[in-house]
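# heads up, no residue letters with this:
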């Protein structure tokens, strides 16, 4: 359903009066520009391929293990005293570790038309010529064999992979390529694999994994800023494990090199270094697929109040994909599901032998159920009732797309609960930016800055590190 632009303009104006933005965008403290992503944790071994100019280094001693480690398949496993490496199936050696696979950067001097020399370490997109205008070859994946002269006068072969070195890690029986470096750590008798790379290149593999690339470019830019802001606020979350974040929904979904798309990469580049801050600190800019028409206060969905996450109407979120969903559970299915989910929070509680009723006790400002009473009988035949607090826990326990729902109950001829049909709107926790709402606003002509100021209250858009 199209959203009336006049109505949206009015809503923007009213919300900015109620929740004014902070001072104008500026500079904040400079933080690290790289991120460490946990790809595999506590596995017996890691198999990885190196494409490009890589070397392996034992971080403990600083010793170069293999100076030309590229174009090889490696396996790392825990040994008696360190990390055992196999190269192309043959034993290579054992090292204290951690073992780092790092790309050897090559700096190229490109002579411009006026005779000046410009330095580059990535030649992707450049072209070379033998002197004839017809013999022009662009450097890319089909470069073939080209030679260059380095600073010492030596002639070297240039491979396309030297423009973008890749580490391919075997995960879930699939080879997944990643930019940047790879660190192999031995923790006890198991191995952890960590991908370290620039935050911007990390985002190349995050934005298209989190938002459809066919969405408007301003929505993708908003997604890039929210993902960047969120992940920067999470740096060091898993420091005790040797990395910053995971590659899954616990943080951002990170698809690596194969997930990248030129459109989403453009969105990252055109917002390079921009983050949302609240009172001078990068915010955990939560986002979700669809709000169902209203976002919510953080304290109603989870537990902690966040000044920049407030309930707001979200008419631009209207879509055919995540609105008007429903699911029906029989009484036996409901008991089985509730028992399984409740025990993740309260492992020692008695199980329900039957669920006799569900009651919506309280809702959030955005219309999500934040208190749910579950009545029934326990396995000892005694009456049991459990009150579930906060909307996200309600959603989880009932295995729903959203906590924005209504209940329709059916009884059997004896008056006992037979089934429950749950009808709702939206998908996700409903906090911060709705991705479908962002697409709707972008389709109405709003910029990514407008979108971010709408969904996040009192924030500033600042440069996190130099562009």
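Thanks, I have the structure now. Owing to the predicted nature of the structure, the values given are computational and were not obtained by experimental measurement.
# before we move on, what SS does residue 250 have?
Following DSSP: H, G, I helix; E, B strand; the rest coil, residue 250 is assigned to coil.
# Tell me, how many residues neighbour it?
Using other CB atoms under 10 Å, residue 250 has 12 neighbouring residues. Backbone N, C-alpha and C define where each C-beta goes, glycine included.
# buried ones in stretch 75-93?
For stretch 75-93, burial by neighbour count (16 or more other CB atoms under 10 Å) applies to 75-79, 82-87, 92.
# Quick check: chain neighbours aside, which residue is closest to residue 187?
Residue nearest to residue 187 in three dimensions, not counting chain neighbours: residue 42, with 6.9 Å by CB to CB, 6 or more residues apart in numbering.
# any low-confidence regions in the chain?
Residues of the chain that meet the criterion pLDDT under 70 lie in 1-32, 105-164, 465-467.
# Longest helix in it, please.
Counting by DSSP state H, the longest helix found in the chain is helix 217-233.
# what sits up against the helix or strand following that one?
As assigned by DSSP states H and E, the chain's next helix or strand after helix 217-233 is strand 245-246. Outside of strand 245-246, the residues within contact range by CB atoms under 8 Å, 6 or more residues apart in numbering are 35-38, 231, 234-235, 237-238, 251-252.
# at 10 Å instead, please
Contact with strand 245-246 is made by 35-39, 41, 202, 230-231, 234-238, 251-254, as judged by CB atoms under 10 Å, 6 or more residues apart in numbering.
# can you check stretch 336-355 too?
So stretch 336-355 is in contact with 329-335, 358, 374-382, 384-386, 388, 393, 396-399, 416-417, 420, going by CB under 10 Å, 6+ apart.
# Surely residue 359 forms part of a strand?
Yes. Under three-state DSSP, residue 359 sits within a strand.
# For it, which non-adjacent residue is spatially closest?
Among residues not flanking residue 359 along the chain, residue 373 sits closest, at 4.2 Å (CB to CB, 6+ apart).
# Tell me how many other residues crowd residue 234.
When neighbours are counted by other CB under 10 Å, residue 234 comes out with 18.
# Show me the buried residues of stretch 75-93 that map onto strands.
The strands, defined by DSSP state E, take in 75-78, 83-87, 92 from those.
# CSV for the residues you listed, including distance to residue 325?
Listed next are these as CSV, based on distance: CB to CB, whole Å:
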residue, distance to residue 325
75, 45
76, 45
77, 46
78, 46
83, 48
84, 50
85, 50
86, 49
87, 51
92, 53
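# what two of these are the furthest from one another?
Distances among these were taken as CB to CB; the most separated pair is 78 and 87, at 17.2 Å.
# mind checking which helix or strand residue 195 is in?
strand 190-198.
# Can you point out the buried residues in that strand?
Those would be 191-197, for strand 190-198 by 16+ other CB under 10 Å.
# For it, name the packing helices and strands.
Packing contacts for strand 190-198, counted by 3 or more CB pairs under 10 Å, 6 or more residues apart in numbering; DSSP states H and E, involve strand 34-43, strand 45-51, strand 72-78, strand 99-103, strand 166-171, strand 174-178, strand 181-187, helix 199-204.
# Where do the helices of this protein begin and end?
Under the criterion DSSP H, helices of the chain are mapped to 5-18, 199-204, 207-210, 217-233, 262-269, 298-301, 331-345, 391-397, 435-443, 448-455.
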